[in-house]
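Visitor: have a look at this prediction, sequence included:
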Amino acid sequence: MISKKLAVEVLNLATSTGADFAEIYLEENNSTSIGLDNGKVESCQDTLTYGAGIRLLKGLQSVYGYTNDISKKGLSKLALDLSASFSGERVVIVDSITKVRVGKKHRPRIEYSTYPREKIISMLTEASKTCLEYDPRIVRCKVSFSFNYKDVEIFNSNGKQFNEVHSRGRAYVIAVAAKEGAIETGGEGPGAQKGMEFFLEDIDLNQKARDAAKAALTMLDARECPSGKMPVIIGNGFGGVIFHEACGHSLEASSVSKGLSVFSGKKGTKIASSIVSAVDDGTIEGGWGSGNIDDEGNPTQRNLLIKDGILNSYLVDDFNGRRMGEKGNGATRRESYKYEPTSRMSNTFILPGKSTPEEIIASTKFGLYAKSMGGGSVNPATGEFNFAVNEGYIVEDGKISYPVKGATLIGSGKEVLLNIDMVGNDLLRAQGMCGAASGSIPADVGQPTIRVKEITVGGRGGAI
């Protein structure tokens with residue numbers, strides 16, 4: 001996107017007042033979104049965005065700015081404006097730039113831009129029809145499809161250049177069921193860092209449409225959930241959102257390094273049940289949150305966060321690692337050039353255990369089975385959370401008894417981790433978008449089916 005010569009000039013301007021590190025991040029992002037409502041195309045939009053961000057570091061200080069003008073004039077002005085934040089003698093001189101070889105995993109086999117648009121719309125139309133015809137009580141179906149191709153170039157004052165590309169696609173099906181004034185929804189949203197081959201070979205979108213319709217119908221006839229403290233079985237896949245939100249964010253260096261995390265200073269100590277191990281793995285082929293390098297140019301890694309209940313490592317970016325005396329471990333991410341990068345999760349999940357889901361249910365005398373989780377809120381400093389259950393069931397005498405709606409899980413991440421007493425062997429990952437200081441980024445959550453021996457459950461079905 002820019003020449004090495006220009007990069008050297010801009011980096012030297014940026015470090016002229018004492019910054020000990022400078023970085024230029026350039027990005028070009030081509031994205032497309034298509035939306036259907038009850039089988040009719042409602043929107044189809046192509047977007048091209050491009051720009052550059054420059055970051056300067058001096059000790060434990062950082063300044064960041066961005067621009068859409070990636071000409072010599074535009075980048076030089078931004079670099080000089082940012083350098084005015086510091087006053088001191090030059091400590092860094094960039095003489096030359098060397099391009100670092102980057103892996104080529106996660107590349108699309110069938111690029112979205114080459115696949116006929118009408119065939120994509122036909123696929124979405126068929127899924128919409130499948131959903132609407134599943135049952136007369138399905139009154140609406142919204143299907144969306146989005147994909148993007150992002151080209152990234154990074155130059156830094158260590159004299160290094162990195163190039164990375166990302167190609168992601170995701171479909172989403174939302175089914176709406178109605179009966180006698182009651183309305184419920186169900187949704188499925190598969191995605192991957194792959195090309196169109198993912199939707200042609202790996203995913204049956206019609207089955208996803210049926211799954212969404214079934215979930216909506218199940219909740220349509222559900223009773224209100226009872227409230228109280230009880231064992232809770234949390235389903236695999238998107239059930240991992242609780243670990244992601246209530247625990248994962250608290251393991252990011254952006255909070256750990258400042259002592260703002262409940263897990264600050266806890267490395268090497270027991271923070272979870274001994275049957276719990278968890279990883280963040282940015283290397284998974286085609287993973288929704290994967291990459292060859294992170295947004296600082298560090299190779300992505302499989303980071304073992306928790307091993308047999310013991311806190312093993314944090315997710316570290318180079319800048320916050322300065323406070324911690326640690327090097328970055330491939331965990332630096334950002335939404336776009338408009339955001340300063342920081343430590344973030346990629347594909348984060350609890351590792352499988354030895355129990356089957358059937359054994360977990362059979363060993364539960366009474367409790368809640370949270371098959372599908374929804375949104376919630378979390379305080380990263382304490383790990384306290386409040387999560388909605390999209391699809392839930394009461395378990396009685398080791399059997400799924402009846403569906404319930406309106407369930408809410410209330411607790412803290414550290415309590416949940418210590419109270420997990422069964423871990424299933426059915427690991428599944430699910431796709432989502434994670435929002436934090438450096439923007440909204442694609443991230444996989446996941447886990448096998450787990451049982452927490454006690455969580456406070458909120459509901460309007462009366463106390464247990």
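Guide: Here it is on my side, so go on. All of these numbers come straight from a predicted model, not from anything done at the bench.

Visitor: the nearest residue to Asn156 once chain neighbours are set aside: which element?
Guide: Once flanking residues are discounted, Asn156 sits nearest to Glu23: 4.4 Å by Cβ to Cβ, 6 or more residues apart in numbering. C-beta: built from backbone N, CA, C; applies to glycine. Secondary structure assignment for Glu23, by DSSP states H and E: strand 21-37.

Visitor: just the helices from this structure, written as ranges.
Guide: 4-14, 72-83, 117-132, 197, 205-220, 241-242, 253-256, 318-324, 357-362, 413-419 (DSSP state H).

Visitor: re earlier: packing partners of the strand holding Glu23?
Guide: Taking 3 or more Cβ pairs under 8 Å, 6 or more residues apart in numbering; DSSP states H and E as the contact definition, the neighbouring helices and strands of strand 21-37 are helix 4-14, strand 40-58, helix 117-132, strand 138-156.

Visitor: for the third one, what does the pLDDT average out to?
Guide: Which is helix 117-132. Averaged across helix 117-132, the pLDDT comes to 98.

Visitor: now the first one
Guide: In this model, helix 4-14 has a mean pLDDT of 98.

Visitor: what packs against that helix?
Guide: Identification of packing neighbours for helix 4-14 by 3+ Cβ pairs under 8 Å, 6+ apart yields strand 21-37, strand 40-58, helix 72-83, strand 138-156.

Visitor: and for the third one?
Guide: Applying 3+ Cβ pairs under 8 Å, 6+ apart, one finds that helix 117-132 makes contact with strand 21-37, strand 138-156, strand 160-179, helix 205-220.

Visitor: restrict that helix to CA atoms and write it as PDB.
Guide: In PDB, the C-alpha atoms belonging to helix 117-132 read as follows (Å, rounded to 0.1, in the frame of the first residue of the first chain):
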ATOM      1  CA  ARG A 117     -24.100 -13.100  -6.400                       C
ATOM      2  CA  GLU A 118     -27.300 -14.700  -7.700                       C
ATOM      3  CA  LYS A 119     -26.200 -18.100  -6.400                       C
ATOM      4  CA  ILE A 120     -25.700 -16.700  -2.900                       C
ATOM      5  CA  ILE A 121     -29.100 -15.100  -3.000                       C
ATOM      6  CA  SER A 122     -30.600 -18.400  -4.200                       C
ATOM      7  CA  MET A 123     -29.000 -20.200  -1.200                       C
ATOM      8  CA  LEU A 124     -30.400 -17.600   1.200                       C
ATOM      9  CA  THR A 125     -33.800 -17.700  -0.400                       C
ATOM     10  CA  GLU A 126     -34.000 -21.500  -0.100                       C
ATOM     11  CA  ALA A 127     -33.000 -21.300   3.600                       C
ATOM     12  CA  SER A 128     -35.700 -18.700   4.200                       C
ATOM     13  CA  LYS A 129     -38.300 -20.900   2.500                       C
ATOM     14  CA  THR A 130     -37.200 -23.900   4.600                       C
ATOM     15  CA  CYS A 131     -37.600 -21.900   7.800                       C
ATOM     16  CA  LEU A 132     -41.000 -20.500   6.900                       C
END
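
Visitor: got a list of contacts for that helix?
Guide: 34, 36, 38-39, 41, 44, 138, 141, 143-145, 171, 173, 175, 196, 199, 205-206, 208-210, 212-213 (Cβ atoms under 8 Å, 6 or more residues apart in numbering).

Visitor: follow-up on the earlier one: would you turn the helices and strands packed on helix 117-132 into a markdown table with mean pLDDT, distance to Thr15 and mean neighbour count?
Guide: A markdown table is the format used below for the helices and strands packed on helix 117-132 (pLDDT from 0 to 100; distance: least, Cβ to Cβ, whole Å; neighbours: other Cβ atoms under 10 Å):
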| stretch | mean pLDDT | distance to Thr15 | mean neighbour count |
| --- | --- | --- | --- |
| strand 21-37 | 98 | 5 | 20 |
| strand 138-156 | 98 | 11 | 21 |
| strand 160-179 | 97 | 15 | 21 |
| helix 205-220 | 97 | 50 | 22 |
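
Visitor: with distance to Lys405 added, can I get these in a markdown table?
Guide: Putting the helices and strands packed on helix 117-132 into a markdown table (distance: least, Cβ to Cβ, whole Å) gives the following:
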| stretch | distance to Lys405 |
| --- | --- |
| strand 21-37 | 25 |
| strand 138-156 | 17 |
| strand 160-179 | 12 |
| helix 205-220 | 5 |
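
Visitor: show me the contacts for the residue nearest to Asn156.
Guide: Applying Cβ under 8 Å, 6+ apart to Glu23 gives the contacts 54-55, 154-157, 296.

Visitor: partner strands of the strand holding Glu23, parallel or antiparallel?
Guide: Each strand pairing with strand 21-37, determined using DSSP bridges, is listed with its direction: strand 40-58 (antiparallel), strand 138-156 (antiparallel).

Visitor: that one versus helix 72-83: what angle between them?
Guide: Computed by axes from the mean of the first three to the mean of the last three Cα atoms, to 10 degrees, the angle separating strand 21-37 from helix 72-83 equals 110 degrees.

Visitor: how far off centre is strand 21-37?
Guide: Centroid displacement of strand 21-37 relative to its chain, using Cα atoms, centre = their mean, to the nearest Å, is 16 Å.

Visitor: next one: stretch 385-400
Guide: 24 Å.

Visitor: looking at the helices of the chain, which is buried most?
Guide: Stretch with highest mean neighbour count among those: helix 241-242 (a mean of 28; mean count of other Cβ atoms under 10 Å).

Visitor: which strands and helices lie in contact with that one?
Guide: Contact here means 3+ Cβ pairs under 8 Å, 6+ apart; on that basis helix 241-242 packs against strand 366-379, strand 384-396.

Visitor: among these, which is the most enclosed?
Guide: Here the criterion is mean neighbour count by mean count of other Cβ under 10 Å, and of those the winner is strand 384-396, at a mean of 22.

Visitor: okay, now the sheet partners of that one, with direction.
Guide: Strand 384-396 has these partner strands in its sheet, going by DSSP bridges: strand 366-379 (antiparallel), strand 399-405 (antiparallel), strand 408-412 (antiparallel).

Visitor: for Arg334, give its distance to Ser157.
Guide: Arg334 sits 19 Å away from Ser157 when distances are taken as Cβ to Cβ, to the nearest Å.

Visitor: circling back: quick one: which of the helices and strands packed on helix 241-242 has the weakest pLDDT on average?
Guide: When I compare the helices and strands packed on helix 241-242, strand 366-379 is least confident, with a mean of 89.

Visitor: next, count neighbours for the closest residue to Gly59 other than its chain neighbours.
Guide: Ranked by Cβ to Cβ, 6+ apart and with sequence neighbours excluded, the top spatial neighbour of Gly59 is Asp20, at 7.0 Å. Using other Cβ atoms under 10 Å as the criterion, Asp20 is surrounded by 16 other residues.

Visitor: same check on Gly186?
Guide: Taking other Cβ under 10 Å as the neighbour definition, Gly186 ends up with a count of 25.

Visitor: rewinding a little: now the contacts of Glu23 in a markdown table, with distance to Val404?
Guide: Below are those laid out as a markdown table (distance: Cβ to Cβ, whole Å):
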| residue | distance to Val404 |
| --- | --- |
| Ile54 | 52 |
| Arg55 | 48 |
| Ile154 | 49 |
| Phe155 | 55 |
| Asn156 | 53 |
| Ser157 | 57 |
| Glu296 | 45 |
